[in-house]
Each structure stands twice: as structure tokens, then as C-alpha cells.
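K.L.:
I'll drop the sequence and a predicted model, then ask my questions.
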Amino acid sequence: MHRSIRELQKYHLRATDGEIGRCKDFLFDDQKWIVRYLVADTRRWLPGRKVLVPPPVLKKPDAESRLLSVDNTKDDIRQSPPLEADEPVSRKYEKKWFDYYRLPYYWVGPAGVGVVPNPVPLRDSPVPLEEGATPKPPVAEDIEKTHLRSADEVIGYKVEAIDGHIGHVEDLLIEDEDWPIAYLLIDTRDWLPGKKVVMLPDLVEEISWPKETVQFDRSKEEIENAPPYNPDMELTSAYEKALELYYGLPPHTK
């Protein structure tokens, strides 16, 4: 099911033994277009700290109560490696964090193409290697660099086609199964009044953080003539396939 990032930011968060705050932001990988962390606003409980929650420990969002349940205790979260509220998430910090939660590193090996697989319960043994497998050391570049970006920051960025401005990012729509970003919702009021379009992440050519823009590698005419989007419609797999076919993209494997 597709979920709106803007809507999820209104949700409260609950650990297995009580509330911990609310959803503040999501950090996504701008190369894989997948959510790596939920950022929790826990200032009433853990003031001054940035608290990260990985999608594998999140239960299905409850739209009726606007609740996201976390499969950890408050004490588990309290004792996790601290991160100052205004401090960026470095690869060094991620390693400490993943070691604490006994999760395999998503940036090393096959897991780098998707979500963190098969999370291990806290304080249990790490996931063993398959028989006969040899551990691969992390690549130095992978250790030093992250591709984490704030979804809250990207929402509102200007959107450019190859031949001009078309609007701004109004929302990011995610799939709540594995938490990939499925679509960017674009408000085109300055170009096509009253119309909104959805764009596939695979069409993004560049995100410019200094210029606060998202550049797509398609023309305004191509975007205007794409399969129409209606905010009241359900974004089915058939619609996604129609978009992929129209834009000449290989189909995603579900």
C-alpha cells in the first residue's frame, strides 16, 4: 500500500512499552530511493537527541489512530548510540548503530540494493555467514560516504524538466512493505494549473541540494502526455507498469 510521507509525519510512535514521540522525518537513500530510517521526535522524552528507527522494526501504519508501532522497548531505544539532534548521520555512526541493534549493514553486499534483510533480535548473535562463505571487507568509499537525504527537505524542492520548470515536489509516496519511494508527487500549478503528476524515481537525473531542485530527464511535453494521475485514484501495479512502458523504463520486479 502506498503511504504519503506528509501524512506519516503526523503519526505518533509507540514502543512495545509506551509512546516515544512522533514521526518527524524520513532519511532515504538518494541512489536506491529507499527509506533507511524514520527520524523520531522524542524531545519530551530524550531531549537533544536524534532517534533513528529502521523500517524492519516498524509495524504497519495504523491510519485510523495515526500510529506507528516500533518493535523495540523504550529502554532499547534509550540505550542506543546517542546522536546530537543537529548532527548528520555519518557512516561511522551507522556502524555503531547497526552493531548495537545486531543488524547487517545495508551498504555492504547484496543488502545494499534494498532493505536490511532479516533483522536479528537485540543482544542475540549476529547473522552467521552461509556455510563456506568468506566475509567481504567493506569498501573504504562505502564506509566514508552515505547517500542519506531528508524527505522533509526534498518536499518543496523545485522540479525541472529538460526544457524548463514544471512545479515543485509536493510529497513522496512510499510502499509500506519494504519502504521504497515509489513516486514523487509533483504540483504543477505554475505550468498546468489544477493538475498534479507523479514521477518515478528512475526518471530523476539529479537532485541539487544547493539549488533545491529535482531534475528529471524528460521533456515537459512527455510529462504532460503521460498516463494521467488523479489524486483520488489508487496507484495500482497496472498504473505503474503503464508509466514504465510510456517512459521506456524496465519494469520493476515485485
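P.N.:
Right, received. Where do you want to start?
K.L.:
all strands of the chain, in order?
P.N.:
2-4, 12-15, 18-29, 34-41, 51-53, 67-69, 148-150, 158-161, 164-175, 181-187, 196-199, 204-208, 213-216 (DSSP state E).
K.L.:
Bridging across strands, which residues link to Leu148?
P.N.:
Asp29 (DSSP bridges).
K.L.:
what's the distance between the closest residue to Tyr93 other than its chain neighbours and Pro55?
P.N.:
In this structure, Tyr93 finds its nearest non-sequential neighbour in Leu83, 6.0 Å apart by Cβ to Cβ, 6 or more residues apart in numbering. C-beta: built from backbone N, CA, C; applies to glycine. Leu83 is 18 Å from Pro55, where distance means Cβ to Cβ, to the nearest Å.
K.L.:
and what of Met199?
P.N.:
For Met199 relative to Pro55 (Cβ to Cβ), the value is 23 Å.
K.L.:
re the thing from before, of all the strands of the chain, which lies closest to Asp232?
P.N.:
strand 196-199 (11.1 Å; Cβ to Cβ).
K.L.:
Can you spell out the domain ranges of the protein, please?
P.N.:
2-149, 155-247 (automatic domain parsing).
K.L.:
Met199 and Pro55: who's more crowded?
P.N.:
The residue with more neighbours, out of Met199 and Pro55, is Met199; 23 against 20, by other Cβ atoms under 10 Å.
K.L.:
bridging residues for the residue lying closest to that one once chain neighbours are set aside?
P.N.:
Ranked by Cβ to Cβ, 6+ apart and with sequence neighbours excluded, the top spatial neighbour of Met199 is Leu184, at 4.8 Å. Beta bridges link Leu184 to Leu172, Met199 when assigned by DSSP bridges.
K.L.:
In contact with Leu184, which residues?
P.N.:
Val159, Val169, Asp171, Leu172, Leu173, Val198, Met199, Leu200, Pro201, Val204, Val214 (Cβ atoms under 8 Å, 6 or more residues apart in numbering).
K.L.:
likewise Thr73?
P.N.:
Taking Cβ under 8 Å, 6+ apart as the test, what Thr73 contacts is Ala15, Thr16, Asp17.
K.L.:
Could you double-check that Thr146 lies in contact with Lys95?
P.N.:
No. Contact status for Thr146 versus Lys95: not in contact, 10.9 Å apart, counting by Cβ atoms under 8 Å.
K.L.:
shared neighbours, those two?
P.N.:
What both Thr146 and Lys95 touch, as defined by Cβ under 8 Å, 6+ apart, is an empty set.
K.L.:
ok, and what's touching stretch 56-65?
P.N.:
With Cβ under 8 Å, 6+ apart as the criterion, stretch 56-65 contacts 3, 8, 11, 38, 67-72, 103, 115-116, 119, 176.
K.L.:
Among these, which one has the most neighbours?
P.N.:
So for the contacts of stretch 56-65 (other Cβ under 10 Å), the most neighbours sit at Leu38, 25 neighbours.
K.L.:
What sits closest to that one if chain neighbours are left out?
P.N.:
Val53 (4.3 Å).
K.L.:
How confident was the prediction at that neighbour?
P.N.:
On the pLDDT scale, Val53 is placed at 90.
K.L.:
roughly how far apart are it and Ala15?
P.N.:
Taking Cβ to Cβ, one finds Val53 at 10 Å from Ala15.
K.L.:
ok, now Pro231?
P.N.:
34 Å.
K.L.:
One more: Pro193?
P.N.:
Pro193 is 45 Å from Ala15, by Cβ to Cβ.
K.L.:
Please say which of these two ends up with more neighbours.
P.N.:
Ala15 (22 against 7).
K.L.:
mind showing which ranges of the stretch 51-200 of the chain have poor pLDDT?
P.N.:
Regions of the stretch 51-200 of the chain meeting the criterion pLDDT under 70 cover residues 109-144.
K.L.:
Great, nothing more from me.
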